[in-house]
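# please find the sequence and the predicted model below.
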Amino acid sequence: MKSKRLEIEQVASFLHDGMTIMYGGFMGNGTSPRLMQAILDSGVKDLTMIGDDSAFLDATKGPEGVGLLVRNKRVKKLITGHIGLNKEAQRQMISGEMEIELSPIGTLAERIRAGGSGLGAVITPTGVGTLVGDVKMDVTINGKKFDQKQIININGRDFLLELPLVADLAVLEAVKADTFGNLVYFRSMRNHNPLMALAGKVVIAEAHEVVEVGSIDPDHVMTPGILVDHIIYPQ
Amino acid sequence: MTQEMSAKEFIARRIALELKDGDAVNLGIGLPTLVSSYLPANVQLMLHSENGFLGMGPAPKEFPPIGKPRLVNAGGNPTTILPNGSTFDISMSFALMRGGHLDAAVLGGMQVSEDGDLANWMVPGKNVPGMGGAMDLAVGAKQLIVAMEHTANGEKKILKKCTLPLTVKGRVATIVTEKALFRFHDGKLVLEEYAPGVSVEEIRAETEASFTVSDKLTEMVISQVGL
């Protein structure tokens, strides 16, 4: 079988201006630092980034995560749940330099899962009656066009209709991979990574350790290797 | 309330008595996190951390370095996990929240309305950090407890209608402040407890929302852990 090993210098060949990238991680925990650096080093710009939050601005407090790309002005649009601990992301949102679509994290995760699971939409009670429902969104339902996020009442209860998300590329961080791409995550570093493995057209995982196939018990695999196209081996 | 005790500590100590042994609970960032410090010895909670695990323990004595595999809480700070804990992805984590599998959520509040609406995630033009997990938690937890000071710089916070953007509509079950404890019964706000030395008249003067006074009105009792 063809090797999935990818050198970090080869990542650039998967990148282009204006593309959409999903990044795993929660407060940078589970965001591949080497893949963030490779995206920066490639010079690619006008990115739409999809991920939990914009992590830490102060590198002594925690990992910078996608903040590396935000700080270097590579991000045109960020679809995320939280930017509260990254003042630079807040500044760029307020100044209009970067577009930010804020989403409840549970809704964001389900939109990613739906995008990779072949589902047509997410129907959620989260955000009903809040600004989350008050969003411009082009959607055609049963041949009728709407320019506003739709409320669907089902058996007497209101839900928001949210659309699936997919990406040109998903970048993951795993604590262990086998050479086939089966992945294991460590503790809270799992977060969005397995969902994004479904939703990226190309999926690249940085692994802290790569082992031979058979070394990971099939019951312990958290992301099946068929979803992972390329593996960045440890340095 | 003793003179030395802050309003936040008093509120956290009251909420510590609201939670039952074995409850699965999510404590929001800030004041709600204090609650775990005042739990009676016979109350063990299964703490949920929205970034993907149950059974959150105390902070470790030494933090593993940034860049090494780490277990962190929803604020990104290193923490520990108890022997009966479990880890999972965000879809599962938020299914636990949205799906009504958590016995209680304790969230801070900027405003609560007499209809049980909560506003706690943004101040337009001033601070827009994002709602994070607050909306999913508020919409799904079996009991939504709001922990907040009764007023902010003299401004009332328990209102007829929230003026700030909402986090959730009609889901608040309990409000605990340093002056009072309210519960919603059949959608109506009821004053059930007052803090020592605080009169119902004072509570009325500092509360815009309409409320009734319970016929079982009592003085608040707080956790004495460590006092």
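Nice, I can see it.

# all contacts plus neighbour counts: C-alpha atoms, from now on.
OK.

# enumerate the residues of chain B near chain A.
Residues of chain B found near chain A (CA under 8 Å from any CA of the partner chain) are B:51-53, B:66-67, B:69-77, B:87-91, B:94-95, B:98, B:128-136, B:139, B:165-169.

# ramachandran coordinates for whichever residue of chain B sits closest to chain A?
Going by CA to the nearest CA, chain A is nearest to residue B:129 of chain B, at 3.9 Å. Main-chain dihedrals, residue B:129, degrees, to the nearest 10: phi -80, psi -20.

# ok, now residue B:55?
According to degrees, to the nearest 10, residue B:55 has phi 90, psi 40.

# quick one, what contacts it?
B:45, B:46, B:47, B:48, B:81, B:82, B:83, B:84, B:85, B:86 (CA atoms under 8 Å, 6 or more residues apart in numbering or on different chains).

# let's see it at 7 Å
Shown in contact with residue B:55 (CA atoms under 7 Å, 6 or more residues apart in numbering or on different chains): B:46, B:47, B:48, B:81, B:82, B:84, B:85, B:86.

# for the strand or helix carrying the last one, buried residues please.
Counting by DSSP states H and E, the element that carries residue B:86 is strand B:81-87. Across strand B:81-87, burial judged by 16 or more other CA atoms under 10 Å in any protein chain shown covers B:81, B:87.

# kindly report the same for stretch B:187-201.
B:189, B:190, B:191, B:192, B:193, B:194, B:195, B:200.

# ok and the residue in chain A nearest chain B?
For chain A, CA to the nearest CA, closest residue to chain B: residue A:84, 3.9 Å.

# quick revisit: continuing past the strand holding residue B:86, what's the next helix or strand?
helix B:90-98.

# stretch A:214-222 spans what distance, first to last residue?
Stretch A:214-222 stretches 14 Å from its first residue to its last (CA to CA, to the nearest Å).

# then stretch A:213-232?
16 Å.

# near chain B, which residues of chain A are found?
Contact residues (CA under 7 Å from any CA of the partner chain) of chain A with chain B: A:26-27, A:62-63, A:81-84, A:102, A:104-106, A:109-110, A:126-127, A:129-131, A:186-188, A:190-192.

# for stretch B:104-116, the distance to its chain's centre please.
Relative to its parent chain, stretch B:104-116 has a centroid offset of 8 Å by CA atoms, centre = their mean, to the nearest Å.

# what residues does that stretch touch?
So stretch B:104-116 is contacted by B:24-28, B:31-32, B:118-120, B:137, B:141-148, B:157-162, B:169-172, B:187, B:189, B:209-210 (CA under 7 Å, 6+ apart).

# repeat for stretch B:184-191
Taking CA under 7 Å, 6+ apart as the rule, stretch B:184-191 contacts B:114, B:115, B:173, B:174, B:181, B:182, B:183, B:211, B:212, B:213, B:214.

# same question, stretch A:228-235
Contacts for stretch A:228-235 (CA under 7 Å, 6+ apart): A:4-8, A:181, A:197, A:202-210.

# switch to 8 Å and redo it
A:4-8, A:177, A:179, A:181-182, A:197, A:202-210.

# how about it: buried residues?
A:228, A:229, A:230, A:231, A:232, A:233.

# now go through these and say which are in strands.
The strands, defined by DSSP state E, take in A:230, A:231, A:232 from the buried residues of stretch A:228-235.

# tell me, how many residues neighbour residue B:40?
Counted with other CA atoms under 10 Å in any protein chain shown, the neighbours of residue B:40 add up to 18.

# that one contacts residue B:226, correct?
No. Contact criterion CA atoms under 8 Å: residue B:40 and residue B:226 do not qualify, at 9.9 Å.

# mind checking the pLDDT average for stretch A:2-13?
Averaged over stretch A:2-13, pLDDT sits at 97.

# shaky segments in chain B?
In the predicted model of chain B, residues B:1-3 satisfy pLDDT under 70.

# mind running it again at 50?
By pLDDT under 50, the weakly predicted segments of chain B are B:1.

# state the helix or strand in which the spatially most central residue of chain B lies.
Nearest to the geometric centre of chain B sits residue B:106, at 2.3 Å (CA atoms, centre = their mean). Using DSSP H and E, residue B:106 maps to strand B:104-108.

# pull out the buried positions in that strand.
Buried, per 16+ other CA under 10 Å, within strand B:104-108: B:104, B:105, B:106, B:107, B:108.

# according to the record, where do the domains of chain A fall?
A:5-103+A:165-232, A:121-162 (automatic domain parsing).

# out of the ones you listed, deepest packed?
domain A:5-103+A:165-232 (a mean of 21; mean count of other CA atoms under 10 Å in any protein chain shown).

# can you get me the centre-to-centre distance for it and its chain?
What separates the centre of domain A:5-103+A:165-232 from the centre of its chain is 6 Å, taken as CA atoms, centre = their mean.

# I'd like the distance between residue B:128 and residue B:99.
Using CA to CA, residue B:128 is found at 27 Å from residue B:99.

# follow-up on the earlier one: which of the three states applies to the residue of chain A closest to chain B?
Put simply, residue A:84 is coil when judged by DSSP: H, G, I helix; E, B strand; the rest coil.

# ok, residue B:131 - contacts?
Contacts of residue B:131 by CA under 8 Å, 6+ apart are A:81, A:82, A:102, A:103, A:104, A:105, B:121, B:122, B:167.

# which of these fall within helices?
residue A:105 (DSSP state H).

# just to revisit the earlier point, check which helices and strands the strand holding residue B:86 is in contact with.
strand B:53-56 (3 or more CA pairs under 8 Å, 6 or more residues apart in numbering or on different chains; DSSP states H and E).

# tabulate the CA atom coordinates of the strand it packs on in CSV.
Output of strand B:53-56 as CSV, limited to C-alpha atoms (Å, rounded to 0.1, in the frame of the first residue of the first chain):
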residue,chain,number,x,y,z
PHE,B,53,-14.4,14.7,29.3
LEU,B,54,-16.3,13.8,32.5
GLY,B,55,-14.7,13.4,35.9
MET,B,56,-12.6,16.6,36.0
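
# so where do the helices sit in the chain?
In the absence of a named chain, chain A is used. A:33-42, A:67-71, A:87-95, A:105-117, A:193-199.

# chain B was what I was after
Counting by DSSP H, chain B has helices at residues B:7-16, B:31-34, B:90-98, B:134-140, B:200-205.

# and the last one, what does it pack against?
Looking back up the chat, that one is helix B:200-205. For helix B:200-205, there is no helix or strand it packs on, judged by 3+ CA pairs under 8 Å, 6+ apart.

# what do you get if the cut-off is 10 Å, keeping everything else the same?
Secondary-structure packing of helix B:200-205 (3 or more CA pairs under 10 Å, 6 or more residues apart in numbering or on different chains; DSSP states H and E): strand B:188-194.

# distance between the strand it packs on and the chain's centre?
For strand B:188-194, the distance to the chain centre is 17 Å (CA atoms, centre = their mean).

# ok so, going back, phi, psi of the residue of chain A closest to chain B?
phi -70, psi -30.

# skipping adjacent residues, who's closest to it in space?
residue B:129 (3.9 Å; CA to CA, 6 or more residues apart in numbering or on different chains).
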